[in-house]
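J.: Here's a sequence, model it:
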Amino acid sequence: MKKLKTLVTVSIALTACLTLQSCNQTSADTHQSGNPQQGKLVLTGSSTIAPLAAEIARKYEENHPGVRIDVQTGGSSRGIADARSRTADIGMVSRSLTSDETDLTVHTIAQDGVSLIVNAENPVKSLTHQQVIDIYSDKINNWQEVGGNDAPITVVNKSAAHSTLGLFIDFFGLKAEQIVPDVIIGNNEQGIKTVAGNPNAIGYVSIGTAEYHQDVETAIALLPVDGVVASSDAVSKGTFSLSRPLNFVTADKPTDLTQDFIQFAQSPQIHDIVEAQYFVPVSP
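T.: Modelled structure (predicted):
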């Protein structure tokens, strides 16, 4: 076992507002009017969905000048909690809902997957399923053990509020307490930045986010597992197991402005925005 490491928590409780309006407003001030083209909406939750939702909101506002939409992050758990409490009009949740969340109404807007990433300088080009388990549970802690350089592995893990963690541990059959991280991050951008800045780091993030950063030459590489390459194309074809829906959730059946915005977010009009974010469009 490696020596006890200092965990670096990078903005676990991320609450940054991504678009269009001050984050300190609450839903008490932002419930919509009866006119579907006037009013205010608050969306909170998944850091994977938030950039996509912000772009959709921007286009919707262009078409509806009387509407203001505030998009905030904080993780899928926040999206669930805020939708239930009606603190937000719409929660953003980047996973399927569980059996105890059936009180919420789900509106899927896109599909995504989760990919392991390493620094672009890392000579390791693939791992097996078991090697990933062993790396994250500290049974393997040097890259040399999996065909890489003689260097300690920096394990980057997601904070508990983010659905990506749940999808990752379920897929690899791990328990959260088995993971021995060196760095704990919040959103995908933090994961990308951490791995790009550390030649010995390994993490996992949204495929869409990773593909975007790879295309703009950020120093990361998507890492195949058991020879299976992570890609949006594979998610689209249904051949990639570590995939998930990107959902809006509401406490009630949406009406008025909320319904109109959700219908817009699910419409073919925004498929170009979904694809520009490297996600897979879906039809309602």
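J.: residues contacting N122?
T.: Contacts here follow C-beta atoms under 8 Å, 6 or more residues apart in numbering; on that basis N122 touches W143, G148, N149, P199, N200, A221. Bear in mind the C-beta positions are built from the backbone N, C-alpha and C, glycine included.
J.: 10 Å - rerun?
T.: Taking C-beta atoms under 10 Å, 6 or more residues apart in numbering, we find N122 in contact with 143, 148-149, 151, 153, 195, 198-202, 219-221, 223.
J.: Ranking by neighbours, what's the top pick from those residues?
T.: V195 (31 neighbours; other C-beta atoms under 10 Å).
J.: Name the SS class of it, please.
T.: Following DSSP: H, G, I helix; E, B strand; the rest coil, we place V195 in the helix state.
J.: who's in contact with it?
T.: 116-120, 122, 154, 156, 183, 185, 201-205, 210, 213, 218-221.
J.: can you pull out the strands in the stretch 1-150 of the chain?
T.: Listed in chain order, the strands of the stretch 1-150 of the chain (DSSP state E, counting those that start in this stretch) span 8-10, 17-19, 38-45, 66-72, 90-93, 105-119.
J.: can you check the stretch 151-284 of the chain too?
T.: Taking DSSP E, counting those that start in this stretch, the strands of the stretch 151-284 of the chain run over residues 154-158, 183-185, 201-206, 220-223, 243-250, 280-281.
J.: Dump these to JSON lines, plus distance to R68 and mean pLDDT.
T.: Compiled in JSON lines, these are given as follows (distance: least, C-beta to C-beta, whole Å; pLDDT from 0 to 100):
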{"stretch": "strand 154-158", "distance to R68": "31", "mean pLDDT": "96"}
{"stretch": "strand 183-185", "distance to R68": "30", "mean pLDDT": "95"}
{"stretch": "strand 201-206", "distance to R68": "27", "mean pLDDT": "96"}
{"stretch": "strand 220-223", "distance to R68": "35", "mean pLDDT": "96"}
{"stretch": "strand 243-250", "distance to R68": "17", "mean pLDDT": "95"}
{"stretch": "strand 280-281", "distance to R68": "26", "mean pLDDT": "93"}
